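Visitor: Sequence unavailable; structure follows:
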Ligand code: CTP
């Protein structure tokens, strides 16, 4: 099966040398891509800026910087994929008026106007080809199952992988993770705390239909 995985943060330019980003290291997405390659799949990895080396054996590696770049790269490739896993921590907002030179400071405060980025996963859900398995991630600090299930429904997903990011041993920038997987048909699987590589293998075992394993 052809599997598209996104990973890492995005960077949203404020000016020529400054950006808004987040704590994502890309480790969970890279672990998913590596596990999918090891299971014999054709894997496309679309990655924001991270300090990791892409796994060997990818069909394609697509480095991107901003949420808009990621949206272009993903929307172009997703229609040909049997599974899409949106693991990237895509910025929800981007500076409305990026400056192409380095801004000079002044004595007063600075207010940045931010505008919404495209919700890539929502767009994919609205245009999902028959048979494609679409998976999102949810990072939550409270009411994990309720928020995760509402994202699953709102974005027309088949699965959502939810992280409790209020705990330091899982989610953003941790070496380990624990994930609750919620399916559109109501099933729930809990993958207990372990290395992100091991979580990735367990996730794929659950997400892939028996014929696609
Ligand atoms: N995502 C996306 N495009 C965006 C933002 C997020 O595709 N512009 C994807 C992420 O890759 C992830 C999922 O959407 O799979 C996260 O859902 P989201 O509703 O954005 O979660 P939060 O950013 O945590 O939103 P909220 O503040 O509403 O909880």
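Guide: Nice, thanks for sending it over. Only a predicted model underlies this, so the values are computations on that prediction, with no experimental measurement involved.

Visitor: Okay, helices next: where are they in this structure?
Guide: Ranges of helices in the chain, per DSSP state H, are 27-38, 67-77, 120-126, 144-154, 196-207.

Visitor: wait, does the fourth one contact the ligand?
Guide: Yes - applying C-beta under 6 Å from any ligand atom, one finds helix 144-154 touching the ligand at residue 151. C-beta here means a position set from N, CA and C on the backbone, and glycine is covered the same way.

Visitor: I'd like the average pLDDT over that helix.
Guide: Per-residue pLDDT over helix 144-154 has a mean of 95.

Visitor: Tell me the helices and strands packed up against that helix.
Guide: strand 133-140, strand 159-164, strand 176-183 (3 or more C-beta pairs under 8 Å, 6 or more residues apart in numbering; DSSP states H and E).

Visitor: Okay, buried residues for that helix please.
Guide: Using 16 or more other C-beta atoms under 10 Å as the burial criterion, the residues of helix 144-154 that qualify are 144, 147, 148, 149, 151, 152.

Visitor: and the chain, which of its residues are near the ligand?
Guide: So far as C-beta under 6 Å from any ligand atom goes, the chain lies against the ligand at 67, 86, 88, 90, 92, 117-121, 136-139, 151.

Visitor: Need the worst-confidence member of the residues you listed.
Guide: Least confident entry in the residues of the chain next to the ligand, by pLDDT: residue 139, with 89.

Visitor: What about it, how many residues nearby?
Guide: Neighbourhood size, residue 139 [other C-beta atoms under 10 Å]: 20.

Visitor: Same question for residue 203.
Guide: Using other C-beta under 10 Å, residue 203 has 26 other residues around it.

Visitor: returning to what we had before: out of the helices and strands packed on helix 144-154, the one nearest residue 193 is which?
Guide: Evaluated over the helices and strands packed on helix 144-154, closeness to residue 193 peaks at strand 176-183, with 4.2 Å, by C-beta to C-beta.

Visitor: Since that was my last question, I'll sign off now.
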